[in-house]
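> Here is a sequence with its predicted model. Questions after.
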Amino acid sequence: MNFTKIIPLNNKNFLYATAVLVGTMVGVGVFGIPFAFSKAGFWVGFFFLVFIGFITLLLNLMYGEVVLRTHEEHQITGYTDKYLGRWFKRAIFFSVSLALYSALLVYIVIAGEFLNNIFSSVFYASPTSYSLIFFIVLSILILWGIKRISWVELFLVGLFAVVVFLIFGVGIAKIVPSNFAEIQPEFWFLPYGVLLFAFAGFSAIPIQRDILRGQENNLKKSILWAVLLTGVLYLLFAITVLGISGGATSPDAISGLYEFLGSKIIFLGSLFGILAVSTSFLMLGSAFLEMFNLDYNIPRKFAWFLVVAPPLVLFLVGLRTFIDIISLAGSVAIGLEGIVLTFVYIKSKSRGDRVPEYSLELPKFIYYLLIFMFGAGIIYALFM
């Protein structure tokens, strides 16, 4: 058996393309997974992780095929405009904007917790104050045009893996099996939106294609391994944190470990967290600014205001519950993107202008199931 056919480790472009998708998915959402598992119950969370992981893999493969069926390079709004028209482009713009504003807001919220964990022993300030300091500094950097550096993202993914294994290594003796037994039916739906948010990484698929130019036949395999590795990392993180802290699991996952593992591991986890949140805030904020500035011809300074003002206002009026924000954003924003992407995929099958390197042969009922599932998730999140 030739292992390199399964994972072409000697192919740097393949490895880089895979790392880009992993890096895009692994973000602030990962910190909400252990808390969602602790509230719903480990086995309910495990079921949702496997289910959402599979749905994510399917959607990413569908989007990958859309990208390969199209000569021009776009992001999801461009592909939606090409295959479905302006009305659907407005719908996807709404969902993308909702997801981006939600992400910027949760970055502000959780940054305060991480900074408080890091600096509280030497300089006390409330998490709210730290959040506002974070927002001011990062917003100025966005206005100055400082963006995230791609290799930093890959470094942070590696650092996160190291942190997870360190926490697991230090705390394995403190994992309590009974922490995995409790189930709370009233919170059964919580992992759905949290995991959709945590697995979201559509924006990386066109980048993967660009990296694999001339090797597009590896895109399918790259997507598969990226989703699989991300899912394994999420599961290990959930098992470790929930197994150690149990009912004391905190919404940011890290703070609740303090009484079990001490300050050093909390400092390391929080340091990773603030680095990851900062780079993600820069990347998303800069991309959002450019979308307003370049795609909609809005002057740069006003575009910057449109990017940073809404999440600040939402934070100041009291929308600061980390888990609720990512759960709602995942259920509604990512759910809507999933519905639109399904329609884009169907249309690209007949209207694509390029022969793709792979083609999924999905029965039609799969499309209906995806649309129904995402639609039901949106309705449940908004009205239940």
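Happy to help now that I have it.
> remind me which residues of the stretch 51-200 of the chain are low pLDDT?
Flagging of the stretch 51-200 of the chain using pLDDT under 70 yields the residue ranges 146-154, 156.
> the helices in it, which residues?
76-84, 86-119, 127-144, 150-171, 190-199 (DSSP state H, counting those that start in this stretch).
> and the fourth one, what other elements does it pack with?
What it means is helix 150-171. Counting contacts by 3 or more CB pairs under 8 Å, 6 or more residues apart in numbering; DSSP states H and E, helix 150-171 is packed against helix 12-25, helix 219-245, helix 258-261, helix 263-290. Just so you know, the C-beta spots here come from the backbone N, C-alpha and C atoms, and that holds for glycine as well.
> same check, this time on the last one
Counting contacts by 3+ CB pairs under 8 Å, 6+ apart, the secondary-structure elements packed against helix 190-199 are helix 33-40, helix 42-68, helix 219-245, helix 322-329, helix 364-383.
> ok now do the residue lying closest to residue 8 once chain neighbours are set aside, which residues does it touch?
With CB to CB, 6 or more residues apart in numbering as the criterion, residue 8 has its nearest non-adjacent residue at 4.9 Å, and that residue is residue 14. By CB atoms under 8 Å, 6 or more residues apart in numbering, the contact list for residue 14 reads 8, 212, 215, 218, 221, 222.
> Roughly how far does the last one sit from residue 373?
With distances defined as CB to CB, to the nearest Å, the gap from residue 222 to residue 373 amounts to 25 Å.
> do you know which of the helices and strands packed on helix 190-199 lies nearest residue 336?
Closest of the helices and strands packed on helix 190-199 to residue 336 is helix 364-383, at 6.6 Å (criterion: CB to CB).
> buried residues in the closest one?
370, 373, 374, 377, 378, 381 (16 or more other CB atoms under 10 Å).
> CA atoms of it as PDB?
What follows is helix 364-383, C-alpha atoms only, in PDB (Å, rounded to 0.1, in the frame of the first residue of the first chain):
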ATOM      1  CA  LYS A 364     -31.600  14.700  -5.700                       C
ATOM      2  CA  PHE A 365     -33.100  13.900  -2.300                       C
ATOM      3  CA  ILE A 366     -29.800  14.900  -0.700                       C
ATOM      4  CA  TYR A 367     -30.300  18.500  -2.000                       C
ATOM      5  CA  TYR A 368     -33.800  18.500  -0.500                       C
ATOM      6  CA  LEU A 369     -32.500  17.200   2.800                       C
ATOM      7  CA  LEU A 370     -29.800  19.800   3.000                       C
ATOM      8  CA  ILE A 371     -32.200  22.700   2.300                       C
ATOM      9  CA  PHE A 372     -34.700  21.300   4.800                       C
ATOM     10  CA  MET A 373     -32.100  20.800   7.500                       C
ATOM     11  CA  PHE A 374     -30.600  24.300   7.200                       C
ATOM     12  CA  GLY A 375     -34.100  25.800   6.900                       C
ATOM     13  CA  ALA A 376     -35.400  24.000  10.000                       C
ATOM     14  CA  GLY A 377     -32.200  25.000  11.900                       C
ATOM     15  CA  ILE A 378     -32.800  28.600  11.100                       C
ATOM     16  CA  ILE A 379     -36.400  28.500  12.100                       C
ATOM     17  CA  TYR A 380     -35.600  26.600  15.400                       C
ATOM     18  CA  ALA A 381     -32.800  29.000  16.300                       C
ATOM     19  CA  LEU A 382     -35.000  32.100  15.700                       C
ATOM     20  CA  PHE A 383     -38.300  31.100  17.100                       C
END
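> Do me a favour and average the pLDDT over it.
Regarding helix 364-383, the rounded mean pLDDT is 94.
> Specify the angle between that helix and helix 190-199 in degrees.
110 degrees (axes from the mean of the first three to the mean of the last three CA atoms, to 10 degrees).
> okay but residue 100 is in contact with residue 288, surely?
Yes: shown here, residue 100 and residue 288 form a contact pair, counting by CB atoms under 8 Å, at 5.2 Å.
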